[in-house]
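>>> turn this into a model:
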Amino acid sequence: MRVLHVITGLGAGGAEQQLRLLLRRLPICCDVVTLTNPGAVAAGIEADGTAVTCLGMRGNRDLAALPRLVELIRAGRYDIVHTHLYRACVYGRLAARLAGVRTVVATEHSLGERLIEGRPLTPGVRALYLATERLGSTTVAVSATVAARLRCWGVPGSRIRVVPNGIDAARFRFDPIARAAVRTRLELPAHALVVGGVGRLVPGKRFDVALRAVARLPGAHLVLAGDGPERSRLWRLAHRLGIAERVRLLGECGGAVGGGDGAGPGAGPDIPGLLSAMDVFVSPSAEESFGLAVLEALAAGLPVLHVTCPAIDELPAGQAPGAHRVRPGAESLAAALREPSSVPAGRRRAPVCEAVRRYDAARGADLLMDLYEDLHGRSAERTLTLRLPVLPAPANPARTPPKTPKTPKTPPKTTTRTKR
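Below is the predicted model of the structure:
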């Protein structure tokens, strides 16, 4: 079985990292096409041994990318095309059908109530999504919350399969040596309360709430890992609040990250090291499709304050004892940060909880592989049915009396008359 994964870009991001995590665990031959931006994750995927091709798409309306993608799919003779993120789903589904691929899977990573991947859900965006969704075989939702949103949009429930995101918990295990090294590197006082967050710096993540909450806590520091269009605005807000010296905006981590001034590029710590340096993790976003960063923080043993997190909210109570839900707003977050339960005495780390084990990356890969085999098997059956001749159904001997064979007629005798 050969599978082609098509994704919009491969810069640092949750969907991009999820793809790399899956590729490491899928026991089949896979290739990757990125429509644009072959960033740090593309380099990592290639280092893992999977080929990555960039189409060099110049924008959402670069239609010249479509025939190139069709030709690439045909040349690869792929059994399944699997698309990720909005633009790749639109172009990838159409290209797969034009190339003659019968099995097309799409994973919906970032569908919110009002936004998809940070862009507003306009009627045009929704119409194009639904039109191309019909070209696919199955849409994978990363949570039951996303599956419910898809059904509300009009995607039939029979075409939706929930395959949660996965996590490599061992990678995020607390490391006291990394904690000391990262704090020294970022010039964070050894005993200061460090509040942290991870995610794209976009309005929907509401990291301005974290800034305003930390401003209410004298001596607390805030570390944010991630980049995006809100970075400059957040930095200006930190100056207005008078806490710029207590804020670190690090940019993309695991690759190029920001320097100590919160703006310039430079080399910095990776996410596991940053989580080791933090004391409490916050997720002030009011709208999430899964909440992978929260799980990573729990894997590091951190207490977590979140407004919403489907990965935790959909589980039975008690499976994530370190995660506490808070009301939206800076005042509520600041009040929660003041609670002794938010930061255990001595900054102790909690053991790995059931929620983290439940979302193990290997389990997600197994679920996806089951889906591939199911869809590929159905496609093979359809192909075989089309090729076989249609034969009449045999008669039922219990209901149809046997026919008596006809006695062949005796040919008439020929008589010869003799003239007299």
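
>>> I figured residue 246 hits residue 222, correct?
Yes - assessed by CB atoms under 8 Å, residue 246 is found in contact with residue 222 at 6.5 Å. To be clear about C-beta, it is placed using only N, CA and C from the backbone, and glycine gets the same treatment.

>>> list residues touching both of the two?
residue 214 (CB atoms under 8 Å, 6 or more residues apart in numbering).

>>> what about the closest residue in space to residue 325 that isn't next to it in sequence, how many neighbours?
Once flanking residues are discounted, residue 325 sits nearest to residue 306: 6.2 Å by CB to CB, 6 or more residues apart in numbering. Residue 306: 24 surrounding residues under other CB atoms under 10 Å.

>>> in this structure residue 306 contacts residue 282, no?
Yes - the criterion here is CB under 8 Å, and residue 306 meets it with residue 282 at 7.4 Å.

>>> how far does stretch 166-178 sit from its chain's centre?
Distance, stretch centre to chain centre, for stretch 166-178: 20 Å (CA atoms, centre = their mean, to the nearest Å).

>>> one more: stretch 283-301?
13 Å.

>>> mean confidence for that stretch?
Stretch 283-301 carries an average pLDDT of 94.

>>> report the buried residues of that stretch.
When burial is assessed from 16 or more other CB atoms under 10 Å, stretch 283-301 yields the following buried residues: 283-286, 288-301.

>>> what do you get for stretch 70-82?
Of the residues in stretch 70-82, those buried (16+ other CB under 10 Å) are 70, 72-73, 76, 78-82.

>>> again with stretch 184-203
Within stretch 184-203, the residues that count as buried by 16+ other CB under 10 Å are 186, 188, 193-202.

>>> in strands only, show me the buried residues of stretch 70-82.
Among those, the residues falling in strands (DSSP state E) are 80-82.

>>> out of those residues, which one sits closest to residue 53?
residue 81 (13.4 Å; CB to CB).

>>> helix/strand/coil for residue 336?
Put simply, residue 336 is helix when judged by DSSP: H, G, I helix; E, B strand; the rest coil.

>>> can you map out the helices along the stretch 201-350 of the chain?
Under the criterion DSSP state H, counting those that start in this stretch, the stretch 201-350 of the chain contains helices at 207-215, 231-241, 271-277, 292-299, 310-313, 330-338.

>>> what helices or strands is the fourth one leaning on?
Here helix 292-299 is seen to pack against helix 14-25, strand 194-198, helix 271-277, strand 280-283, strand 304-306, helix 310-313, helix 354-358 when contacts are counted using 3 or more CB pairs under 8 Å, 6 or more residues apart in numbering; DSSP states H and E.

>>> relative to helix 14-25, how tilted is that helix?
Angle of helix 292-299 versus helix 14-25, following axes from the mean of the first three to the mean of the last three CA atoms, to 10 degrees, is 60 degrees.

>>> contacts for helix 292-299 next, please.
By CB under 8 Å, 6+ apart, the residues outside helix 292-299 that reach it are 14, 18, 165, 167, 169, 171-173, 196-199, 271, 275, 278, 281, 283, 304, 306, 309, 311-312, 320, 322-323, 350, 352-353, 355-356, 359.

>>> one more time with 7 Å
14, 165, 167, 169, 172, 198-199, 271, 275, 281, 283, 304, 306, 309, 311-312, 320, 322-323, 352-353, 355-356, 359 (CB atoms under 7 Å, 6 or more residues apart in numbering).

>>> same thing with the shortest one?
If you take CB under 7 Å, 6+ apart as the criterion, helix 310-313 is touched by 143, 145, 164, 288-291, 294-295, 320, 323, 355, 359.
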